[in-house]
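> Pasting the sequence and the predicted coordinates here, then a few questions.
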Amino acid sequence: MNTTIITNIQGFSIHDGPGIRTVVFFKGCLLSCRWCANPECLSKKPEIGFIHSLCQQCGKCLEVCPNNAIRSGEDVYRIERLRCDSCGKCVENCDYGALVRYGDLMTVDEVWDAVRRDKMFYDTSGGGVTASGGEPLLHAQFVKELFQLCHNERIGTCIETSGFVDTDAFLEVIPVTERFLFDLKHMDSVTHKKYTGQFNDQILKNARVVVESGVNVLFRQPLIPGVNDTTTHIEATAAFLKTLGKKALSLELMPYHRMGQDKYKALNMEYRMENTPIMSYDELEAIKKAYMDLGINCSISR
Ligand code: SF4
Ligand code: SF4
């Protein structure tokens, strides 16, 4: 039985495809976008998050840790990441919810059992299951098996992807996938690498493959002030979408937000977008209009 590492399974989402959806968050991503709102999904390995504001310093985690990986300081406890093997014993023993384990090994059947329960809601809302992450296509065989089960039960299937995977991963899942939500983060390859860690060539190639396959695809763009909100970049994105043909003339903008910031703290990761402003309604509408004026059917996810 195929197994893989899942960060979370979240029911009743209305932001990750049409209707009411269950979102399966796969762990691991080959990009490292500075604005990523799911830092707990970047590494392929399980990790422990420490929410310091909830810790009462009761000392239970210290007692149960088999690796002596928890240290008590002056007024704060911390995890020595090099000693921690993410066994989860501290999480099970913390009565205050200050510790959380990100990542569990699950079989396709276990995920299927979790997602099929809400079939009634999918049926009445036109929803289904969305594979997200992290990058779900790093787990293409698993996604394919899960979606085949969904397909057999007429449950909708959707993939949120960064596009940064081997083209073969797309070819594997396209026959059982109803739609893709495909991120285009920056059109200039060097700038793309600066902010995400990788050039964009493979992503643009895969965008074309997906459109040419005939499957439903909505391109999306995290809208990051000072990174991809300039007129030049708007024109470049519109020009690229036009090269993909009539079916690709839509773009959903996802305005930058800071909702993932606390998870960076919990994981001892540096948050590099501290000084990035949140765009006003008028600024967002102006960018939407700029896309519309260029012939792109633009929407903003709120
Ligand atoms: S068990 Fe929980 S509340 Fe107690 S010291 Fe550890 S993290 Fe803090
Ligand atoms: S996950 Fe295990 S090894 Fe890591 S800090 Fe908790 S108890 Fe210790």
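Cool, the structure landed. Residues are numbered from 1 along each chain as shown. Ligands and ions are numbered 1, 2, ... in the order given.
> Now do the same for residue 60: its pLDDT.
pLDDT, residue 60: 95.
> show me the residues around it that make contact.
Residue 60 makes contact with 90, 93, 94, 95, according to C-beta atoms under 8 Å, 6 or more residues apart in numbering. The way it works is simple: take the backbone N, C-alpha and C, and place the C-beta from them, glycine included.
> Return the residues of the stretch 51-200 of the chain in contact with ligand 1.
Residues of the stretch 51-200 of the chain lying close to ligand 1 by C-beta under 6 Å from any ligand atom are 55-61, 77, 93-94, 96, 98-99.
> Walking through this protein, point out its strands one by one.
Remark: strands assigned in the chain by DSSP state E are 3-13, 21-26, 47-50, 70-72, 77-79, 99-102, 104-107, 128-132, 156-161, 179-183, 216-223, 250-255, 297-300.
> what's the angle between the first one and strand 128-132?
With axes from the mean of the first three to the mean of the last three C-alpha atoms, to 10 degrees as the basis, strand 3-13 and strand 128-132 are set at 130 degrees to each other.
> Just the buried ones among the contacts of residue 60, please.
Using 16 or more other C-beta atoms under 10 Å as the burial test, the contacts of residue 60 include 90, 94 as buried.
> between the contacts of residue 60, which is closest to residue 161?
The shortest approach to residue 161 among the contacts of residue 60 belongs to residue 90, at 33.6 Å (C-beta to C-beta).
> returning to that earlier point: now distance to ligand 2 too, for the residues of the stretch 51-200 of the chain next to ligand 1, in TSV please.
Formatted as TSV, those follow (distance: C-beta to the nearest ligand atom, whole Å):
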residue	distance to ligand 2
55	13
56	16
57	15
58	14
59	13
60	10
61	6
77	10
93	8
94	9
96	14
98	11
99	7
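> and the residues you listed, which two are the farthest apart?
Taking C-beta to C-beta as the measure, those span a maximum distance of 13.9 Å, between 57 and 93.
> Check the spacing between the closest residue to residue 188 other than its chain neighbours and residue 6 real quick.
Of all residues not flanking residue 188 in the chain, residue 236 sits nearest, at 7.1 Å (C-beta to C-beta, 6 or more residues apart in numbering). Separation of residue 236 from residue 6 (C-beta to C-beta, to the nearest Å): 36 Å.
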